[in-house]
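A.B. asks: got a predicted model here, sequence first, then my questions.
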Amino acid sequence: MFTFLSSPPQGAQKSRRPRTRTRALAISTLAAAALLPSVTLACACGCGVFDVGTGAMFPDGSGGRVYAEFDLMDQNRNWSGTSAAPAVDNEDIGIRTAFYTVGAQYMFNRRWGMSADVPYWSRKFTTTDAETGDPVTFDHGALGDVRLRVHYAGFSQDMSTGVSLGVKLPTGDSTYANFDPDTKISSGSTDVLLGAYHQGKLVDDGRWNYYVRGMWAQPVASKAVYRPGNEFLGVLGAYYQGWTSNSGVRVVPIGQITAAVRGHDGGTMGHPDDSGYSRLVAAPGIEVSFNGLRVYAEAGFAFYNNMSGNQLVARQLYKLSVSYGF
């Protein structure tokens, strides 16, 4: 069985003059694949928080869980360094992405388990046409990059500490002609994913608890035209044990802070000067559970951004996930 606590991924390839690149940031959840609360959904536009972090299930015994998640990120504000920048400094105008993810996690025993995430992205990208100077919009939806992980939670009897090792496969669409490499739904790279988590009590009676989690994404194979930057995500969260009704419905409030740090992109079309960032996001959430069914909702609010060059950022991030344990 699992204790589920959800904490918590640009432009057209046509003739155009040199341009500032867009990058976004977001913070995702449902770290079923990471065995802990995640930050919110690594494309250059900052979707990595979704990619690396899908899921948030702490295992507390053998068994499995299937889940579905929806995340929404609307990158509509230009940012440079630690402050907002004039929109005219960036030819890209907006990137609105809906992330749909289905997955499963199964613990064979109290030590070992596996998980898989299969994402689908729907993206609307608005930029400035290089020839006319008018706004132009492209809509595209496609399968994203699948993530597979192996989990180990055998450091202690209560399974409060665990690690994961996995891979992100280039299964998504990296060929859509109207998106640049750093905007495409797939990064086109194979990444190694390394994660770890720990949870514990804040007070002796166990009513208040905390968790910490980290995840590192390291590209190990990529195309010559584009190599996504390395990315680290860290989460610090706390939750109240919640309230349970006479009918067995349980409500748990959750709060967390997510830190995301991404390196510069590489490759012939990587735009290193306008990629890379660090970000802090506060995300209050709530979980409702009943008879193995768990529903989690979260809203994330960025309170610190430090962007290289000019990049589009999302000011709010939204998540809804549903899971069932067996």
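C.D. replies: Perfect, thanks for sending it.
A.B. asks: Ala283 reaches Gly300, doesn't it?
C.D. replies: Yes. Counting by CB atoms under 8 Å, Ala283 does reach Gly300; the two are 4.0 Å apart. The C-beta positions use only the backbone N, C-alpha and C, and glycine is treated the same way.
A.B. asks: what helix or strand is Gly234 on?
C.D. replies: Per DSSP states H and E, Gly234 falls inside strand 231-240.
A.B. asks: partner strands of that strand, parallel or antiparallel?
C.D. replies: Looking at strand 231-240 with DSSP bridges, its partner strands are strand 208-221 (antiparallel), strand 250-262 (antiparallel).
A.B. asks: heading C-terminal from that strand, find the next helix or strand.
C.D. replies: strand 243-244.
A.B. asks: what's that following strand packed up against?
C.D. replies: If you count contacts as 3 or more CB pairs under 8 Å, 6 or more residues apart in numbering; DSSP states H and E, strand 243-244 packs onto strand 250-262.
A.B. asks: alpha carbons of the strand it packs on, as PDB, please.
C.D. replies: Extracted in PDB, the C-alpha atoms of strand 250-262 (Å, rounded to 0.1, in the frame of the first residue of the first chain):
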ATOM      1  CA  ARG A 250     -10.000  11.600   4.800                       C
ATOM      2  CA  VAL A 251      -8.800  15.200   4.100                       C
ATOM      3  CA  VAL A 252      -5.100  16.200   4.300                       C
ATOM      4  CA  PRO A 253      -3.800  19.700   3.800                       C
ATOM      5  CA  ILE A 254      -0.300  19.900   2.300                       C
ATOM      6  CA  GLY A 255       2.200  22.700   1.800                       C
ATOM      7  CA  GLN A 256       5.600  22.700   0.100                       C
ATOM      8  CA  ILE A 257       8.500  24.800  -1.300                       C
ATOM      9  CA  THR A 258      10.100  23.600  -4.500                       C
ATOM     10  CA  ALA A 259      13.500  24.600  -5.800                       C
ATOM     11  CA  ALA A 260      14.400  24.100  -9.500                       C
ATOM     12  CA  VAL A 261      17.800  24.600 -11.000                       C
ATOM     13  CA  ARG A 262      18.500  24.000 -14.700                       C
END
